[in-house]
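*Asks:* please work out how this folds:
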Amino acid sequence: MKTLLGLALLGLTGNAFAIINGQPLDPKLRPEIVKLDFAGSICSGVVVGERVILTAAHCAKDKVTKLSNEQGDISLKVYRSPLFPSKDHNLAVLVADQDLDIPPVAVGSTPAAGEEIELAGYGCTDSNKPSFEGLNAGKNTVSEQAGFNFIARDPKQAYACFGDSGGPALHETEESWETVGLISMGNLQGTTYFTRLDTPESRRLLLNVIRKEHVGICGVNVDCP
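*Replies:* This is a model prediction of the structure:
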């Protein structure tokens, strides 16, 4: 059974999933992966433009939220998928009211079955001992695509736990890393669902935000280093 990552699961009200079987990762090495606080509910996100962050729709319930970093509190306007929650298109786009000064990572296409991804996020590393100690990351392998999602199922590799909905699935190309999905839901037994970013519905949402907010999203309407 798959479950949205967060809310009241196992008594951890308000926290989404993070990484089991992963390793601690210095945030300075991956500054594009950010920790988001939605009124006490912790999720992760990934910076994909000078002012743009992607996260899970079930995290972003309010119209406006904040990101706290070295610059102080930055206001973020929330654009959730209009399909969610009636359909599992678990994607939200956050637009900052100023430049984030964080190097973005480009949006890419869903890897084929058998290809390796790296998933990352802030949160616990053991569902039986939930604590949220920092950024963790680990690898798994794409098993299949299913509608708005792709899935990784190997329980011997990294998978999602409490504290990290909205964290990225990263795929290494010949030139760089790309964000190819967002952690959406899982079963705490090795299976993680990721929202695809290359479906027509995802691209429609991204292009709508680009048009309304006059922003750039790497890999969609602008090239980024």
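*Asks:* strands paired with the biggest strand by length in the chain, and their directions?
*Replies:* Once the chain is assigned using DSSP state E, the strand that runs over the most residues is strand 135-146. Take DSSP bridges as the rule and strand 135-146 pairs in its sheet with strand 23-24 (antiparallel), strand 116-122 (antiparallel), strand 149-152 (antiparallel).
*Asks:* and for residue 173, the neighbour number?
*Replies:* Residue 173 is flanked by 12 other residues according to other Cβ atoms under 10 Å. Quick note: C-beta positions are derived from backbone N, CA and C, even for glycine.
*Asks:* check residue 136 too.
*Replies:* 26.
*Asks:* now residue 135
*Replies:* For residue 135, using other Cβ under 10 Å, the count is 25.
*Asks:* residues of stretch 73-90 that come out buried?
*Replies:* Buried residues in stretch 73-90, counted by 16 or more other Cβ atoms under 10 Å: 74, 76, 77, 78, 79, 80, 81, 83, 84, 88, 89, 90.
*Asks:* name the residues that touch it?
*Replies:* Residues outside stretch 73-90 that contact it (Cβ atoms under 8 Å, 6 or more residues apart in numbering): 4, 53, 56-58, 60, 62-68, 91-98, 100, 147-149, 165, 182, 184-185, 193, 195, 199, 201-202, 205, 208-209, 212-213.
*Asks:* how about the CA coordinates for that stretch, as CSV?
*Replies:* Taking Å, rounded to 0.1, in the frame of the first residue of the first chain, the C-alpha atoms of stretch 73-90 are listed here in CSV:
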residue,chain,number,x,y,z
ASP,A,73,13.1,34.8,5.8
ILE,A,74,12.2,34.8,2.1
SER,A,75,8.5,34.9,1.1
LEU,A,76,7.4,32.2,-1.4
LYS,A,77,4.2,32.2,-3.5
VAL,A,78,2.7,28.7,-3.8
TYR,A,79,1.4,27.2,-7.1
ARG,A,80,0.0,23.7,-6.5
SER,A,81,-1.0,21.4,-9.2
PRO,A,82,-4.7,22.0,-9.9
LEU,A,83,-5.1,18.2,-10.3
PHE,A,84,-4.0,17.5,-6.7
PRO,A,85,-5.4,15.9,-4.5
SER,A,86,-8.1,14.3,-6.7
LYS,A,87,-5.2,12.9,-8.7
ASP,A,88,-1.8,12.0,-7.5
HIS,A,89,0.0,14.8,-9.4
ASN,A,90,1.9,15.8,-6.3
